[in-house]
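J.: the sequence and its predicted three-dimensional model are supplied below.
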Amino acid sequence: MSPPKYVDLLALALALPVFLLAEFSMLGYAVGAAVWLLQRAVQSVAARRAKEELAHGERQRAMGIVAGTGLGRVWLMAAVVLVVGLAVERQAGLAAAVLIVVLFTISMVAQGYRQLFGDGAEQGRRASGRVA
């Protein structure tokens, strides 16, 4: 059984009580949550566009979309955390950075697990003709 597709969003929701109980910066939580949701929206749109390009046989364009948005999302998150930490409040920047790192780690592990053992692995076997 693979982890839910939106396990990072579940972790984001579960982080709120942790931030409240530990008295971490709520501005940091708000900034981290907002930038995480924004990058998830960009990821969703990019995945849809890449899928459309692949359907039209445009592999290079699809790869460009995935690579460009992947790098762009990381830079977006880093820039927002840096600006908040330097211009607004250091504790907020630190809290946002920690939240984003945790969410990113959870997301990457879940994505890798899904690719190896879940939906992606089965699609790969079907595409290569190795259906078990």
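T.: Right, received. Where do you want to start?

J.: in the longest helix anywhere in the chain, which residues are buried?
T.: For the chain, the helix reaching the highest residue count under DSSP state H is reported as helix 26-55. Using 16 or more other C-beta atoms under 10 Å as the test for burial, helix 26-55 gives 27-33, 35-36, 39-40, 46, 50, 53. Just so you know, the C-beta spots here come from the backbone N, C-alpha and C atoms, and that holds for glycine as well.

J.: which strands and helices sit next to it?
T.: helix 7-22, helix 59-83, helix 90-117 (3 or more C-beta pairs under 8 Å, 6 or more residues apart in numbering; DSSP states H and E).

J.: and it, how far out from the chain middle?
T.: Chain-centre distance of helix 26-55: 7 Å, with C-alpha atoms, centre = their mean, to the nearest Å.

J.: what do you get for stretch 60-73?
T.: 14 Å.
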